[in-house]
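Show me the folded form of this:
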Amino acid sequence: MDEFWVAFIAALIYIPLFLLWVFAMVDIFGRRDLSGWGKAGWLVAIVLLPFFGTMIYLIARPVTPEALERAPVAGGYRGYASAADELEHLAKLREQGRITDEEFSRLKMQVVGAS
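Okay, the predicted model is just below:
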């Protein structure tokens, strides 16, 4: 019976941690806002410190406009209830300096065109 609990704990804890580790590595390779050296640095951190490196990456990774575009659709356009909500969110991102005026204009045209 002891072997059962060891396998159960392994399945319950280690497999999800391994999947998070793999997700972080796949996400790093998919990022277009990181330079080659940035990707290499994150990969070294994740490989050398699997648990802590992965958790730090997942918490510290910035949300980019590109990531907003890849966000799953839930409820409305990109998860917002209406186009007005999406425009309000884009305006906040522009005010915070997280997107440029050109990006704001391009994303605004996408929202207005999708309505």
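
Residues touching the longest helix anywhere in the chain, excluding its own?
As assigned by DSSP state H, the longest helix anywhere in the chain is helix 15-30. By C-beta atoms under 8 Å, 6 or more residues apart in numbering, the residues outside helix 15-30 that reach it are 34, 39, 42-43, 46, 50-51, 54, 57-58, 61. The C-beta positions use only the backbone N, C-alpha and C, and glycine is treated the same way.

Among those, which pair sits farthest apart?
For the contacts of helix 15-30, the maximum inter-member distance is 21.3 Å, found between Leu34 and Phe51 (C-beta to C-beta).

Tell me which of the two has more neighbours.
Neighbour comparison, Leu34 and Phe51: the larger count goes to Leu34, with 18 against 11 (by other C-beta atoms under 10 Å).

is it true that the more buried one touches Ala40?
No - using C-beta atoms under 8 Å, Leu34 is not in contact with Ala40; the gap is 9.3 Å.

For Ala91, which non-adjacent residue is spatially closest?
Phe104 (7.6 Å; C-beta to C-beta, 6 or more residues apart in numbering).

what about that neighbour, neighbour count?
Phe104 is flanked by 18 other residues according to other C-beta under 10 Å.

can you check Gly30 too?
Residues near Gly30, counting by other C-beta under 10 Å, number 12.

lowest confidence element among the helices and strands of this structure?
Lowest by mean pLDDT, DSSP states H and E among the helices and strands of the chain is helix 65-69, with a mean of 60.

just checking, next helix/strand downstream of that helix?
Going down the chain from helix 65-69, the next helix or strand is helix 83-95, by DSSP states H and E.
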